[in-house]
Every structure is written in structure tokens, then in C-alpha cells.
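Peer 1: Give the three-dimensional model of this entry:
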Amino acid sequence: MRTRTKEFAKKIIKLCRSLPDTWESRRIADQLFQAGTSIGANYRAACRASTKAEFISKMSDARQKTDESLYWLEIIAETKLLEEKLLISLIKEGNELIEILVTNKRTDRRDLK
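Peer 2: Below you'll find the model as predicted:
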């Protein structure tokens with residue numbers, strides 16, 4: 001998961017660099033950059049958590065940032081800032097990361113009780 005989240009962040013960075021140099025693209029790129037690069041950072045923090053509650057919180061943050069990244073990728077596709085074919089693999093990976101993080105969240109909450 002560490003490798004996957006880091007690779008996702010690197011792809012997000014490259015995608016942000018390829019957005020057109022317009023006012024709206026820069027705003028969206030800022031949001032996407034922040035969310036997409038935070039996933040791996042939150043996952044790493046979760047792995048180093050000192051309590052189960054802290055672990056769950058950081059994993060939840062990672063899940064939320066992944067969902068936010070997907071939102072911005074959808075906005076980019078729907079407003080045609082980039083061709084959708086350039087976004088398909090990132091959207092697929094984001095959805096897979098969400099699935100993993102949601103499954104972890106359910107398991108961790110059950111274990112905490």
C-alpha cells in the first residue's frame with residue numbers, strides 16, 4: 001500500500017503539471033495536488049500510529065483524501081480540461097485505493113470494539 005499510494009501521488013503530480021495554464025485549472029490543480037499527495041502521507045502516519053484510534057483516524061483521513069482526489073479527477077474529465085483517456089487509469093487506481101481503505105476501516109472499527 002505504501003508503494004501504491006506513493007505511485008498514485010507521483011501520477012497526480014504529473015497530471016497537475018499537464019493541466020492547461022488557466023485560472024480554473026490552477027485552482028483545481030491545487031486542490032487535486034493537496035488531496036492526491038496526502039493519501040500516502042496519511043497512510044504512512046497510520047502505519048506509525050501509537051494507538052488503534054490514531055490508526056483508524058489516519059486511515060479515515062487517507063480514505064477521505066482519496067475520495068476528494070476522485071472528485072477532482074471527475075471534474076477535470078467532465079469539464080474536458082484533459083482528455084478522459086488520460087484520467088482513466090488514475091480514476092481506476094483511486095477507486096481501488098478507496099476499496100482497500102474502506103475494507104481496512106470496517107475491519108479496524110470492528111477490532112477496536
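
Peer 1: contacting residues around the residue nearest in space to the middle of the chain?
Peer 2: With distances taken as CA atoms, centre = their mean, residue 66 lies nearest the centre of the chain, 2.8 Å away. Listed by CB atoms under 8 Å, 6 or more residues apart in numbering, the contact set of residue 66 reads 35, 39, 94, 97, 98, 101. (C-beta placed from N, C-alpha, C; glycine too.)

Peer 1: swap the cut-off to 7 Å and go again
Peer 2: By CB atoms under 7 Å, 6 or more residues apart in numbering, the contact set of residue 66 is 39, 94, 97, 98, 101.

Peer 1: In which helix or strand does the last one reside?
Peer 2: Residue 101 belongs to helix 88-112 when assigned by DSSP states H and E.

Peer 1: the helices in this structure, which residues?
Peer 2: 2-18, 23-47, 52-78, 88-112 (DSSP state H).

Peer 1: Now mean pLDDT too, for those helices, in TSV please.
Peer 2: Formatted as TSV, the helices of the chain follow (pLDDT from 0 to 100):
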stretch	mean pLDDT
helix 2-18	97
helix 23-47	97
helix 52-78	96
helix 88-112	82
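
Peer 1: any idea how far residue 60 is from the residue nearest to residue 63 when sequence neighbours are not counted?
Peer 2: Excluding its sequence neighbours, the residue lying closest to residue 63 (CB to CB, 6 or more residues apart in numbering) is residue 101, at 4.0 Å. Per CB to CB, to the nearest Å, residue 101 is found 8 Å from residue 60.

Peer 1: Check residue 91 too.
Peer 2: With CB to CB as the criterion, residue 91 and residue 60 are 21 Å apart.

Peer 1: where does stretch 76-83 sit relative to the chain's centre, distance-wise?
Peer 2: For stretch 76-83, the separation from the chain centroid amounts to 18 Å (computed by CA atoms, centre = their mean, to the nearest Å).

Peer 1: And the contacts of that stretch?
Peer 2: Contacts of stretch 76-83 (CB under 7 Å, 6+ apart): 18, 19, 20, 25, 28, 84, 87.
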